[in-house]
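A.B. asks: model this:
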Amino acid sequence: MATGGDRQLGGVDWDRRLVELLLDRFQPGGGDPRDDYEAMGELELKAEAAKLALTKKSTFGISFVANRHRVQFDLTRDNFEKLTDDLVLRTLDYTELVIDAAAERGVDHIDDVILVGGMSKMPIIAERLQRRFPNLPSPRPPPNPGRFRSASPLDLQMARKLALDCLEKRYQDDARGLQLDHDALTADGTWTLVFSSRKYT
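C.D. replies: This next block holds a predicted model:
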């Protein structure tokens, strides 16, 4: 078992690239859009909307007004992927580090690859994963989050116990005295468990 990643890397980084692109498209002489706080707030929302739309569409039209000047153009998925290629590469690099760490702990086979997180809906993520790691199973989206929300209290209790058992087997003496502080299931189906140790409290 191995975990890893970059907590500073997420969907907001893709949003920022789109915001920067829109700002670059703003014609000189129209004033700095950053001075228009209301427009900047709208711009951030439009960037997120474009990102989400491009998970399903190949082209998305963007129109942005700031300081009475308008920017309007079509953004293609291909251009968006080129704009954020380095972010995808960082994601793949961290994936490789986790796979290598698991291999060092004796994991010689991976049964399933489940994509989670908003940016995993971009087709390029699955494509690049398969290209970089051809021996892994084909990546697939997560199960319907609704199935998790409908789980019975007994199912959740068993899942919590299983998580604690896994931690104890993995960390042995360091995991003794662990207790579950709280857990939460978010709307996107992500289940977060927070443990603490009585040894250090």
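A.B. asks: show me where pLDDT drops low in this protein?
C.D. replies: Per-residue confidence of the chain (counting by pLDDT under 70) places the weak regions at 1, 27-31, 142-201.
A.B. asks: the same query, at a cut-off of 90, please.
C.D. replies: In the predicted model, the chain carries pLDDT under 90 at residues 1-12, 19-48, 62-73, 98-99, 101-121, 139-201.
A.B. asks: show me the helices in this protein, by range?
C.D. replies: For the chain, the helices defined by DSSP state H occupy 11-25, 37-53, 77-83, 85-104, 123-132, 145-149, 153-171.
A.B. asks: check which residues of the third one are buried.
C.D. replies: Spelled out, it's helix 77-83. Within helix 77-83, the residues scored as buried using 16 or more other CB atoms under 10 Å are 77, 80-81. Glycine gets a C-beta too; all of them are placed from N, C-alpha and C.
A.B. asks: using JSON lines, lay out these together with distance to Asp13.
C.D. replies: Conversion of the buried residues of helix 77-83 to JSON lines gives the following (distance: CB to CB, whole Å):
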{"residue": "Arg77", "distance to Asp13": "17"}
{"residue": "Phe80", "distance to Asp13": "13"}
{"residue": "Glu81", "distance to Asp13": "14"}
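A.B. asks: quick check, nearest of these to Ile62?
C.D. replies: When these are compared for distance to Ile62 (CB to CB), Phe80 comes out closest, at 10.9 Å.
A.B. asks: measure the residue nearest to the closest one when sequence neighbours are not counted to Asp78 for me?
C.D. replies: Nearest-residue entry for Phe80: Leu54, 5.4 Å, with adjacent residues in sequence omitted and distances by CB to CB, 6 or more residues apart in numbering. Taking CB to CB, to the nearest Å as the measure, Leu54 and Asp78 are separated by 10 Å.
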